[in-house]
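In: sequence-free structure coming up:
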């Protein structure tokens, strides 16, 4: 039986989205209300298990009376607010944000972004062949996971998951400034010299595939990664008594990566090194 | 907090630098040698973590003594303060004045920003680099706030104590001397040199600059000092806020928010403690008014901060001073210490039973820290990245508490409001822009400096006072985040409403004149480089947009007309998204100056 916390009853706020009256519980963000009303707004840095960072700015909407556009992911709904999600102004900023990201970052493994680029008619090539890119090489310094910061959009989700929002390990931070800012451990050292405990909770929240299982990275490099041939099985971790859910991703009868359901009321998608990476004994056939 | 440390150890010097700031470590949990007793207890919890605000001063301590911050020094500082090393590394690499790689003990910062570029900064850089050997690090720097004496150089030699020398206007010889022998470099001219009107009895804000001894509290009192604070105690906090509200004072840092409203909103917050923060991180290119005020009349700021804190119910004030202002730092440290010793700060200010003290925090080279919430993060020991608003600082500011943050010039205006009374103050200027205003005039003028004029003076009047030279091509108002106007627009009244009606901005009061010897595309490129360098990197429109803006301006540096049209269209599209979708004012204004140059000056036509 899954116990869902109902919390204390919350007042309903009335406001409008694209001219239609909506009601949302007090404390909801504009994004919550939009999704409840069936409106799709693209998001990248927003995480279902993390506090909104509103760094990517792809979810911006227009709010009557606001000088600038407003990030839907973090702005809380207020009574009487007039929100417009699909104006030319909001669409323009989303298009430019997609162009800026796609022209500087490798988004090849970012889910949905190709559809958005098409939908918003973004043309990342128009900044010319000399447009600065991140130009990072994948960091392969341990057997468990790979950090390919050429794919990093600097959404801060891994930093937040590693820090006080979940893991409290504080192994990573944003270092440097501006376009040169990168995710790094202390002294920009290899992961093996850092505070990392290899829980992989950063991989769980990474929206672009910049952080991935070594197994996935190797298979993608070899060209054998094929999600259409993968099945997902959710089970219970057998290591200790907490009872975390594991979702095993299996391709050709091999576990290729492990995730955890974000809606689990206890662990919210977080695991430890054993649950995340300790599956080799299951498929040790020698 | 379970922290992980590597094997790097601090050198004796590094350890001494940190211990001089924080005192010796109390146990092995803080980095002392381990004793048997240490094995029987653990240090942690909120008390251990609450010292994080000492991270930035700690990084300064190491950088000042050694010249750079090694792995061992950073780890030791983290142990002392219970800060995760990864986060401290993120903070140390955020600031331009710190280095986490070895570098020479002497760093010479050469300003290459607008006024200095127009005064020959690139030749200066080339000359200095040819003369200085490998024992020196030469850094091209954003505006050093010495625009009235362009081109400017600032030498910083690490050691105990750290030595600094300013050379402005700098020649190759003078800059080399400042770097190689900072102790024997000639003393800077007095602050009053930057005030061509100095001594004019009608001055309200600059009246004491050049008249009083900036080191003497008695001299300050003999010239009307501390009359405003006495008046404030007579009026009571609510009375002070009423006076400031009635005076019509609005913020002078650039945003022009009504000061009385801000104070009232903070004073009425039930959450305590309240904080006062003085934003002296004056980094807008072309702005140097706060430096001149702090160097020439430091006690005025101390008194004004005390008045503001009294009004909003704060007992602790932070003065966040930009790291490139060594003389202002010395003067203010001295002034605060004197005021404290004489009972003008401390547990019982003027015997009125009101407690207030000021802590000075030094920035470390980051324009973004002038943004109010980024400044809070910087003080708290985090990366100086702006926060999302709402919540606004009056509700959740420094350390998450209700906070008033005011610019130096704004605060100093409070003194004449109290001594002359709100009606007399409000009678100065125009209906909607009241009081006197400081203008930072530089560039192609005979007498660059700070000018104090009542609101309502026109651009032409300000330029005439400063002796504008022939062949005026353009005037930049408000700094890099401001906008250009044409030489035929000199009748624009320099008020908040007047500049707004003219489609430009007053910003922080920058009036920078350019003649036709400076190629406009070169200036725009410098502005774009500035924003690219200073973007914190948090949001995409600003982080990547400022890079794309600079690339496009590079492409069209020598193009005009149809050959530039595509890139100008691109600039407009990117600029619009930066203005609409960036988190803070930096990204939102990063395209202003370029847009105004294209639309008003006809650049690239």
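Out: In hand now; what should we look at? Worth saying up front: this structure is predicted, and the values here are computed from it rather than measured. Residues are numbered from 1 along each chain as shown, chains lettered A, B, ... in the order given.

In: what comes up buried for the host helix or strand of residue B:541?
Out: Assessed by DSSP states H and E, residue B:541 sits inside helix B:540-555. For helix B:540-555, a neighbour-count test (16 or more other Cβ atoms under 10 Å in any protein chain shown) marks B:540-553, B:555 as buried. (C-beta placed from N, C-alpha, C; glycine too.)

In: Just give me the closest of those to residue B:92.
Out: Checking the buried residues of helix B:540-555 against residue B:92 by Cβ to Cβ gives residue B:543 as the nearest, at 19.7 Å.

In: Does the closest one touch residue B:533 like I think?
Out: No: between residue B:543 and residue B:533 there is no contact under Cβ atoms under 8 Å: 11.8 Å.

In: for the stretch 101-250 of chain A, what spans make up the strands?
Out: A:145-147, A:173-175, A:182-184, A:211-213, A:230-236, A:245-251 (DSSP state E, counting those that start in this stretch).

In: Of those, which is nearest residue A:136?
Out: Closest among the strands of the stretch 101-250 of chain A, once you apply Cβ to Cβ, is strand A:182-184, at 7.3 Å.

In: helices or strands up against that closest one?
Out: Judged by 3 or more Cβ pairs under 8 Å, 6 or more residues apart in numbering or on different chains; DSSP states H and E, strand A:182-184 is in contact with strand A:173-175, helix B:85-92.

In: export the ones you listed to JSON lines and tack on mean neighbour count?
Out: JSON lines is the format used below for the helices and strands packed on strand A:182-184 (neighbours: other Cβ atoms under 10 Å in any protein chain shown):
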{"stretch": "strand A:173-175", "mean neighbour count": "25"}
{"stretch": "helix B:85-92", "mean neighbour count": "27"}
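
In: Same list, these, but as a markdown table with mean pLDDT and distance to residue A:158 please.
Out: Converted to a markdown table, the helices and strands packed on strand A:182-184 look like this (pLDDT from 0 to 100; distance: least, Cβ to Cβ, whole Å):
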| stretch | mean pLDDT | distance to residue A:158 |
| --- | --- | --- |
| strand A:173-175 | 98 | 10 |
| helix B:85-92 | 98 | 11 |
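
In: residues near residue B:424, how many?
Out: The local packing of residue B:424 (other Cβ atoms under 10 Å in any protein chain shown) involves 12 other residues.

In: before we move on, back to that, which neighbours do residue B:543 and residue B:533 share?
Out: Common contacts of residue B:543 and residue B:533 (Cβ atoms under 8 Å, 6 or more residues apart in numbering or on different chains): residue A:178.

In: Pull out the buried positions in whichever strand or helix holds residue B:575.
Out: Assigned by DSSP H and E, residue B:575 belongs to helix B:562-581. Buried residues in helix B:562-581, counted by 16+ other Cβ under 10 Å: B:564, B:567-568, B:570-571, B:573-581.

In: tell me which parts of the stretch 1-150 of chain B are close to chain A?
Out: Within the stretch 1-150 of chain B, the positions near chain A by Cβ under 8 Å from any Cβ of the partner chain are B:1-4, B:6, B:8, B:71, B:74-75, B:84-90, B:93-94, B:96, B:100.

In: give the contact list for residue A:269.
Out: Applying Cβ under 8 Å, 6+ apart to residue A:269 gives the contacts A:49, A:201, A:204, A:205, A:259, A:260, A:261, A:262.

In: Chain neighbours aside, what residue packs nearest to it?
Out: Nearest residue to residue A:269, sequence neighbours excluded (Cβ to Cβ, 6 or more residues apart in numbering or on different chains): residue A:262, at 4.0 Å.

In: centroid residue for the chain?
Out: Going with chain A. Chain A has residue A:207 as the residue nearest its centroid, 3.2 Å off, counting by Cα atoms, centre = their mean.

In: Read off the pLDDT value for it.
Out: We have a pLDDT of 97 for residue A:207.

In: How about the contacts made by residue B:57?
Out: The neighbourhood of residue B:57, defined by Cβ under 8 Å, 6+ apart, consists of B:21, B:361, B:362.

In: and if you look at residue B:109?
Out: B:139, B:141, B:144, B:153, B:154, B:155, B:156, B:324.

In: That one belongs to a strand?
Out: Yes: Residue B:109 sits within a strand when classified using DSSP: H, G, I helix; E, B strand; the rest coil.

In: Could you measure from it over to chain A?
Out: 17 Å (Cβ to the nearest Cβ, to the nearest Å).

In: Next up, phi/psi of the closest residue in space to that residue that isn't next to it in sequence, please.
Out: Sequence neighbours aside, residue B:141 is the residue nearest to residue B:109 in space, at 4.0 Å (criterion: Cβ to Cβ, 6+ apart). Main-chain dihedrals, residue B:141, degrees, to the nearest 10: phi -120, psi 150.

In: hey, what's residue B:141 bridged with?
Out: Beta bridges link residue B:141 to residue B:111, judged by DSSP bridges.

In: quick one: contacts for it?
Out: By Cβ under 8 Å, 6+ apart, residue B:141 lies in contact with B:96, B:109, B:110, B:111, B:112, B:113, B:154, B:324, B:365.

In: Now for the closest residue to chain A within the stretch 151-300 of chain B: which residues touch it?
Out: Here the residue of the stretch 151-300 of chain B nearest chain A is residue B:255; by Cβ to the nearest Cβ that distance is 11.5 Å. Residue B:255 makes contacts with residue B:585, as judged by Cβ under 8 Å, 6+ apart.

In: Doesn't it belong to a helix?
Out: No: Residue B:255 is assigned coil when assessed by three-state DSSP, not a helix.

In: how many neighbours does residue 25 have?
Out: Using chain A. By the criterion of other Cβ under 10 Å, residue A:25 has 15 neighbours.

In: Chain B, not that one
Out: Residue B:25: 17 neighbours (other Cβ under 10 Å).

In: Make a PyMOL selection of the buried ones in the contacts of residue B:57.
Out: Remark: buried members of the contacts of residue B:57, expressed as a PyMOL selection using 16+ other Cβ under 10 Å:
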select buried, chain B and resi 21+361+362
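
In: distance between stretch B:284-298 and the chain's centre?
Out: 9 Å (Cα atoms, centre = their mean, to the nearest Å).

In: Could you verify my assumption that residue B:436 touches residue B:426?
Out: No: using Cβ under 8 Å, residue B:436 is not in contact with residue B:426, being 12.0 Å away.

In: So if I had to pick from these two, which one is more boxed in?
Out: Between residue B:436 and residue B:426, counted using other Cβ under 10 Å, the more crowded position is residue B:436 (20 against 17).

In: Can you report phi and psi for that one?
Out: Reported as degrees, to the nearest 10, the phi and psi values for residue B:436 are phi -90, psi 160.

In: try the one 4 residues further on
Out: Taking degrees, to the nearest 10, you get phi -100, psi 100 for the backbone angles of residue B:440.

In: Now for the residue lying closest to residue B:321 once chain neighbours are set aside: which residues touch it?
Out: Excluding the flanking residues, the one nearest residue B:321 by Cβ to Cβ, 6+ apart is residue B:280, at 4.5 Å. Each residue near residue B:280 by Cβ under 8 Å, 6+ apart is listed here: B:290, B:294, B:301, B:319, B:320, B:321, B:322, B:325, B:328, B:407, B:408.

In: repeat for residue B:45
Out: Contacts of residue B:45 by Cβ under 8 Å, 6+ apart: none found.

In: Kindly calculate the angle that the longest helix along chain A makes with helix B:562-581.
Out: Secondary structure assigned by DSSP state H gives helix A:88-104 as the longest helix of chain A. For helix A:88-104 against helix B:562-581, the angle by axes from the mean of the first three to the mean of the last three Cα atoms, to 10 degrees is 110 degrees.
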